[in-house]
Each structure stands twice: as C-alpha cells, then as structure tokens.
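# model this:
(2 chains, ligands or ions: 2)
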Amino acid sequence: MHAIVVKDLHKKFGDQVALDGVGFEVEEGEFFGLLGPNGAGKTTTIRMITGVLKPDRGSVTVQGIDLRKAPLQAKQNMGVIPEVGNVYPDLSAIENLDLVGRFYGLDKTTRRSRAERLLVDLGLSERKDDLLRKFSKGMRQRVSIACAMVNEPPVLLLDEPTEGLDVMSRRLIVEKVRELNKKGTSVLMTTHNIEEANRLCQRVCIINKGKVVAFDTPERLRKTVEKIQTIEVAFDRRIDPGILEGSNISKVEACGDKWRIYTEDPDKALETILAVKEREGLRVLSIATCGPSLEDVFVKICEVPR
Amino acid sequence: MSYDIFARAVWVTAQKDMRIYYRKAPVFIFGLILPTFLFLAFFVGRELDVELYFPGFLAMSLFFTSSSVGPLIVPWEKQAGTFERLLTYPVSIATIVLGDVIAGAIFGIIISSIVGTVGVLLLGLSVESMAILILAFVLGNICFAALGVALSAPAGRVPANIMMLAALVRFPLIFISGIFVPISEMTSPGVYITYVSPLTYLVDALNQAMGQAYVFAWYVDMLVLGGFALAFIISARYVLTRKSLKGL
Ligand SMILES: Nc1ncnc2c1ncn2[C@@H]1O[C@H](COP(=O)(O)OP(=O)(O)OP(=O)(O)O)[C@@H](O)[C@H]1O
Ligand SMILES: [Mg+2]
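Numbers count the residues shown, from 1 in each chain, chains lettered A, B, ... in the order given. Ligands and ions are numbered 1, 2, ... in the order given. From the prediction side, this is the model:
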C-alpha cells in the first residue's frame, strides 16, 4: 500500500490554472519532497491532500482511504503543517497540543504525556504555559510542528516547515521529523531549500506551472543534467562577467565573491578562463569544479525561457 | 460516514469555541451589554406592565446573546490564520458549523437561564409551563446561534465588519417580532410581517410558557424555530463550502 496516492489533480481559480494534472505516489515510510518555484502549485496540492481544498478533477488517497469518500477517516491518519496555518494565539502551548489531541480523539493521559514530551523535545518545556501570542515566530512554528505530531500519524505533510527559521530551530524541527521518519512515518515535505531536500528526501517530485516536470531520486535527477558542470572561480578583483562568456561557457553567474561558470566542457572552459586571466592580469584566489547540484537540476527544469 | 468521528469533531469544535471566544470583547458588548441597555432604554422609567412584557424582553436578550458568538468565530479564525489548520484536523465544514452553533447556543442558554431565573425570583413572575420554557430556551438558542453563524459565513477576514453587519440584521428583527407590541394585539397587515421573523415564534412560546396571551400552539412555535435553525445551518454550510472551493 502507498502512503499517499495523488492522481491527475486539476484545479482552476477563476481563469488561473493552478494544477494541471498533478499525479505521484508516496511510498510507505518514504521521505518525499515536493519542489517547485513560487506559484508552481505545491501548496494547492498539499491543500487537496489534506482535504482543505477540493480538486476540480482527480483523486487523493491517504493510507488507502479515498479523501473524497471518507475525508474524516483519511484526515485521522495525517499530521499537517499548512503553509499559512497558525496555532491558536489565545491558548498556551500545552493547551494547543491538548486541543489537537482532542480533535484526534486521544484520551487525557495520552494527550498529556505526548504534549509534555514533544515540548521537551522541541525545547519549549519552560514556556509551555505561556500564551502563544507571546511567542516568537520560530517558537510558534515549533508548537505548530508539535501539533502535527501529537496524534503520531502514519503520514506527515509539511508545507515549508522551516521557512524563516534560524539554524537551531530548523535543525530541531528537521531532526524531529527525521526521527519520526526513521520510525516509519511517511513524510511529504515542500521546501525552497533544495539543499535540505537533497539531504532529507529519498525521492523528489518537481512541479512547475501545475504540472509534474521531474520525479525521481535526487541522485538520478542530477544524472539527467550531468552534462552541465560548473566551475567556481574567485579572482583578486571584480570583473565584468561578459568577458568570460564564450562558445564553451553557457552562463556566468555571480556567487558571493566568486563566479560560477556553467559549461558542458570543463576542459575548454578552463582554457578560456586562463586566457582571460592572462589578458586582464588577474590572480586566481580559488578554483573548483563541481558536478550539477540538485539546485542546478531544479533551475534547468523550471527555467523560464527568456 | 463514521458518526463517532463526526460527533467528536462537533463537540471538540464547540469546546474550542467556548474556551477561546466567550472571552472576546464583542461577545460581551453585543451579547451582554447591548441587551442590558436595550432593557434599560425600553422598560425602565416607564409604567409598563412587567408581567406582560417580560417574556418579550427575555426573548430579546436570549436572541442577542445566542447570536453574538457565531458571527465572531469563522472571521476571527480566518484572520488569525487558524481556520486552514482547523480544516486539516478530522473535521469538515459541517462539523465546524455545528460546533460553532452549539457553542453559541450554550452561551445563550447559560445567560438566558440567569436572566429568566432573576426575572422569576426578583420580579415574582410565575412560570405556567416549565417544559415549554425549557424547550423554547433550547430551540431558541440553537436557532439564533445558527443565525449568527450563518451571518458570518459570507464574511471575509475582518471580524469587526461582520459584527456590524450582524447588528444591522439583528436590530430590525426585534421591532417586527412582537416584543414591543404583543402579536395578539396586532391587526393585519402588520401582523404578517411578524410571521417572517423567527424571533416572533420565540416570543410567542415564552408568552405561553409564562402565562401571557399567545397566538400559536407551542409545537408550531417549536417547529418553526427548528425549521429556521435547520435553514440557517444548511445555508451556513453551503456558503462556507462554496467559499472554500474558491480557496478559503
Ligand atoms: N486562493 C487562491 N485564489 C486564487 N488563486 C490561487 C489561490 N491559491 C493559489 N492560487 C494560484 O495557484 C497557483 C499555485 O499556487 P500555490 O500556492 O499552490 O503555489 P506554491 O507552489 O505553493 O508557491 P509558493 O512556493 O510561493 O508557496 C498560483 O498561480 C496562485 O496564484
Ligand atoms: Mg506554497
């Protein structure tokens, strides 16, 4: 059985096509990434899986339960962090968790013990009785992730769970999700942090303009654009990137104090770079060649033709 | 459809509403202070027959109290961003509407019971039929709590706006419901207008319960109140579902 099966989802908002036949399945126990540029339809897809939004066409099943036929039972199996879903600011951390536990039908002792443990794990036990309106964004987000976990769901759906958080909060949350995934929870996560997706996800699905454009393991996706290599080079002073562009260099990109040079032929590109260095009297401070990153795959696949 | 999850969703929603929204300022203002001022404005200092007018006043206070919680909840949750999260729990629009109605009705039942008890003890009024009184309290409160929820369904994210709108809808109703002029003394065609207002039937039932002149049999009053309640609940669910299809 698959944890999540999404088939041929279509959704229009007025004339705006948000989803145009999105379909994929998430294996049981898998850590699955849903990637795509802004407005690709990730949140719309998650809203349909979580029963917040109804598709115009297509179907969703979670743990074998059809969301259209039995929405309440299907939702009973999920823990969700929606993109814009807040916890209750008028309740304390512990009261929020208790309320969520009630919605999932947990008994009082289970609610108590799970809430206490989650708050300890997420570093909030000292503030557990404070109203959430007094919490910072990152602390609220930690309560939010705890809320998605109190029912110990077989399926977790996370829409940009680490958006806007500091490194410590992000690690806390990622560690917690990872821990649950190791225990067998299936996870579907969207993120704009491609490096994070690369590290965490067993498979990723990239959608763009409401359509699935790539669907594989991060490693295999990288292979599809293997041809493209990058050279990162730092010079001792700023240059006009135009002077580097030539027949065997497809793109030059500023990357902090370095230049990232895209090429299909690193050997020839290197010659060009050295020729420029000689001609302009530059000094090379550092140079490195890299294979394509998942980010490169992402950019290539979702590139808007200019 | 599994009824245990459904019932749980309704009841936990109501518990949440009671915990969070009973404390909100608009509930106090529109639900408690406003009817008190109306009472002072219309009844105090005039030589009115308290026995004759008390059922009407009781109906009016019940009406304002029970319909004060509902308009607040959904707009407030949409503004705070908690509504979308709520929908991801094992609930549906229908259970949310029912839960909100129950929360509003319980608030109304508590307050109107206090008002009723005070009236009976302090003013020395008598109750003719306790059964009709209790039935009228329950159905009346459910009906007007449902009205409050239905009023908020088309609203966006600004609670203040909808509270104003709700007040605008509720005020005219108290003038066409036989509170200030008993229906039994009205003549046509004026009396037909009162038949449109659900509040009329509550006033009528309370009149009967407290031994005043009434027009309809008690079960007619209850049927009409129940019918209105059902219509409000169904329309609230319909409108909220329609809106959520367009993306909340
Ligand atoms: N409620 C709505 N009303 C109208 N259009 C909407 C609504 N929600 C989404 N859309 C449109 O649907 C498309 C997909 O939006 P969606 O929020 O799913 O994107 P996303 O992939 O989550 O983007 P982001 O990375 O910015 O979160 C966009 O073009 C958006 O304008
Ligand atoms: Mg999004």
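# quick check: residues of the stretch 51-200 of chain A near ligand 2?
Residues of the stretch 51-200 of chain A lying near ligand 2 by C-beta under 5 Å from the ion: A:Glu83. No exception for glycine: its C-beta is placed from N, CA and C like everyone else's.
# got the residues of the stretch 51-200 of chain A near chain B?
For the stretch 51-200 of chain A, the residues in contact with chain B (C-beta under 8 Å from any C-beta of the partner chain) are A:51-54, A:70-73, A:75-76, A:78, A:80, A:82, A:84-91, A:95, A:99-100, A:102-105, A:144, A:147.
# list buried residues within these.
Buried subset of these (neighbour count, 16 or more other C-beta atoms under 10 Å in any protein chain shown): A:51-53, A:70-73, A:75-76, A:78, A:80, A:82, A:85-91, A:95, A:99-100, A:102-105, A:144, A:147.
# sorry, back to before: give me the subset of the residues of the stretch 51-200 of chain A next to chain B lying in strands.
Here DSSP state E is the test, and these give A:78, A:80 as lying in strands.
# got the phi/psi numbers for B:Ser177?
For B:Ser177, the backbone dihedrals (degrees, to the nearest 10) come out as phi -120, psi 20.
# that one against B:Ser197, yeah?
Yes. Counting by C-beta atoms under 8 Å, B:Ser177 does reach B:Ser197; the two are 4.5 Å apart.
# neighbour count: these two, which is higher?
Set B:Ser177 next to B:Ser197 and count neighbours by other C-beta atoms under 10 Å in any protein chain shown: B:Ser177 wins out with 26 against 20.
# hang on, A:Phe24 packs against A:Cys205?
Yes. Proximity of A:Phe24 to A:Cys205 meets the contact threshold set by C-beta under 8 Å, at 4.8 Å.
# list residues touching both of the two?
Counting by C-beta atoms under 8 Å, 6 or more residues apart in numbering or on different chains, the contacts common to A:Phe24 and A:Cys205 are A:212, A:215.
# more neighbours, those two?
Shown here are A:Phe24 and A:Cys205; by other C-beta under 10 Å, A:Cys205 has more neighbours (25 against 20).
# which SS class is that one?
When classified by DSSP: H, G, I helix; E, B strand; the rest coil, A:Cys205 comes out as strand.
# so, low pLDDT: which residues of the chain?
In the absence of a named chain, this looks at chain A. Residue ranges of chain A with pLDDT under 70: A:225-227, A:247, A:304-306.
# chain B is the one I meant
B:1, B:159, B:248.
# any idea how far B:Gly31 lies from B:Phe37?
For B:Gly31, the distance to B:Phe37 equals 12 Å [C-beta to C-beta, to the nearest Å].
# so these two - more neighbours on which side?
A side-by-side neighbour count of B:Gly31 and B:Phe37, using other C-beta under 10 Å, places B:Gly31 first with 24 against 10.
# which residue is the nearest non-sequential neighbour of that one?
Spatial nearest neighbour of B:Gly31, chain neighbours left out: B:Ser68 (3.2 Å); criterion: C-beta to C-beta, 6 or more residues apart in numbering or on different chains.
# am I right that the one you found is in a helix?
Yes. Counting by three-state DSSP, one finds B:Ser68 located in a helix.
# surely it and B:Ala25 touch.
No. The criterion here is C-beta under 8 Å, and B:Ser68 misses it with B:Ala25 at 10.9 Å.
# what are the boundaries of the helices in the stretch 151-300 of chain A?
For the stretch 151-300 of chain A, the helices defined by DSSP state H, counting those that start in this stretch cover A:167-182, A:194-200, A:218-224, A:266-280, A:294-302.
# tell me which of the ones you listed sits nearest to B:Ser235.
helix A:167-182 (41.3 Å; C-beta to C-beta).
# tell me which strands and helices that closest one is in contact with?
With contacts defined as 3 or more C-beta pairs under 8 Å, 6 or more residues apart in numbering or on different chains; DSSP states H and E, the packing partners of helix A:167-182 are helix A:137-149, strand A:155-159, strand A:186-190, helix A:194-200.
# this completes my enquiry, with thanks.
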